[in-house]
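Asker: Using only what follows, build the 3D model:
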Amino acid sequence: MRCQSDIPLRFFFLFIFLILVSSFSHAGSKLEVLSPSLKPYHIRENTSEPATEWDTALRRTGWVTFKTDIFLPKSDTSDRLASMISFHSIPLSLSFFPEQTYTIIINGESRPRNNTLSLSGKMEGHSLASFSATLTPENYLITLQDLDTAMLYRVTGNTETGEGRVREMDLLAMPPMEHAPPLIPMEE
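Answerer: As a prediction, the model looks like this:
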């Protein structure tokens, strides 16, 4: 059962989001949702003994800030609920590191539960979907495969703060996969 005080708050977020989206769509701009953090990033030096065979593909790591409130806004009870607004065909701007920005067009979304949102999309100018994002009230996971450079970007982060850790991996240096080990977010 929904609380009556939840309804005005949902309309308020819907109104703010529609204003935001309409201003971006009319200007031909993108909705900037991911940007590099001010924390320094680490470029992996070629070492003779990587910790695991997967580390050979790791090029650099860094920190990003994800605007999670757009996708999982807080309600008046401070719970995060998946936005009921459709993100289909909305261009999103993602910048994992300062020198690069990707434009993603969302072409799929699902809400398996009230507080979970899954998005999929493709890079602008490409026909294959190579982007996915899943947000829960606690964490988020973003994956983007750059089809032009054979790089894979993986972000795991905290939904409450928006802060996340990005890993850039060279798919050409990655060993063949039979059974990949699970990706467990590092404790900060």
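
Asker: And the lowest mean pLDDT element among the helices and strands of this protein?
Answerer: helix 6-27 (a mean of 51; mean pLDDT, DSSP states H and E).

Asker: Return the distance of the residue nearest the centre of the chain relative to residue 132.
Answerer: Centroid-nearest residue in the chain: residue 142, 3.8 Å away (criterion: C-alpha atoms, centre = their mean). With the distance defined as C-beta to C-beta, to the nearest Å, residue 142 ends up 7 Å from residue 132. No exception for glycine: its C-beta is placed from N, CA and C like everyone else's.

Asker: Over to residue 103?
Answerer: For residue 103 relative to residue 132 (C-beta to C-beta), the value is 16 Å.

Asker: Ok, residue 73 next?
Answerer: The gap separating residue 73 from residue 132 is 21 Å, by C-beta to C-beta.

Asker: residues in contact with residue 112?
Answerer: Going by C-beta atoms under 8 Å, 6 or more residues apart in numbering, residue 112 touches residue 118.

Asker: The helix or strand where it lies: partners in the sheet, and parallel or antiparallel?
Answerer: Assigned by DSSP states H and E, residue 112 belongs to strand 102-113. Applying DSSP bridges, strand 102-113 is found paired with strand 91-94 (antiparallel), strand 116-123 (antiparallel).

Asker: Now mean neighbour count, mean pLDDT and distance to residue 176 too, for those strands, in TSV please.
Answerer: Shown next, in TSV, are the strands paired with strand 102-113 (neighbours: other C-beta atoms under 10 Å; pLDDT from 0 to 100; distance: least, C-beta to C-beta, whole Å):
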stretch	mean neighbour count	mean pLDDT	distance to residue 176
strand 91-94	20	96	28
strand 116-123	20	94	25
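
Asker: which stretch among those strands comes nearest residue 178?
Answerer: Closest approach to residue 178 among the strands paired with strand 102-113 is made by strand 116-123 (25.2 Å; C-beta to C-beta).

Asker: Report the distance from the helix or strand just after that closest one to the chain centre.
Answerer: Remark: after strand 116-123, the chain's next helix or strand is strand 129-135, criterion DSSP H and E. What separates the centre of strand 129-135 from the centre of its chain is 7 Å, taken as C-alpha atoms, centre = their mean, to the nearest Å.

Asker: same question, stretch 163-170
Answerer: 11 Å.

Asker: For it, buried residues please.
Answerer: 163-169 (16 or more other C-beta atoms under 10 Å).

Asker: which outside residues touch it?
Answerer: Stretch 163-170 is contacted from outside by 37, 41, 57-66, 96-97, 140, 142, 150-158, 185-186, using C-beta under 8 Å, 6+ apart.
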